[in-house]
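Novice: coordinates only, no sequence provided:
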């Protein structure tokens with residue numbers, strides 16, 4: 001049986017010139033090294049891409065299709081990314097990342113706190129990038145999954 005491990009995530013941003021400097025600051029906070037950053041163009045699909053590599057995940061941002069470049073970003077559109085959550089090692093790490101993420105100019109939606117509606121020990125920070133794409137840093141104490149093998 002296949003394991004549900006994500007290999008890469010690619011997010012379309014409105015403007016790479018705005019997004020790239022922000023993600024250059026954000027990705028190292030999330031554990032990505034800028035030494036593993038690459039840029040390119042996919043001519044057959046008419047987009048530019050910036051990739052941030054990590055042994056566990058490739059994260060990329062790419063330019064929009066010309067016909068969609070002026071559309072507003074909204075996480076509730078069909079097919080849209082609602083939000084992307086990164087797992088922290090502890091509540092302390094969530095708190096530390098909060099200060100770093102706030103310092104780079106992210107829009108803090110909700111500072112670190114408990115969200116009992118998601119689980120009694122669910123502790124998270126929610127923020128958006130400069131264009132309104134939503135992210136989360138989460139730690140849930142004692143979260144264990146049953147062995148499915």
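Specialist: Okay, I see it. On a predicted model such as this, the values are computed, not experimentally measured, just so you know. Residues are numbered from 1 along each chain as shown.

Novice: for this structure, just list every one of the helices.
Specialist: Secondary structure of the chain by DSSP state H: the helices cover 16-29, 91-103.

Novice: go through the ones you listed and pick out the most buried.
Specialist: helix 16-29 (a mean of 17; mean count of other Cβ atoms under 10 Å). Placement of C-beta: from N, CA and C, glycine included.

Novice: give me the helices and strands touching that one, please.
Specialist: Helix 16-29 is packed against strand 47-54, strand 57-62, helix 91-103, with contacts defined by 3 or more Cβ pairs under 8 Å, 6 or more residues apart in numbering; DSSP states H and E.

Novice: would you turn the helices of the chain into TSV with distance to residue 121 and mean pLDDT?
Specialist: As requested, those are exported to TSV (distance: least, Cβ to Cβ, whole Å; pLDDT from 0 to 100):
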stretch	distance to residue 121	mean pLDDT
helix 16-29	23	97
helix 91-103	9	98
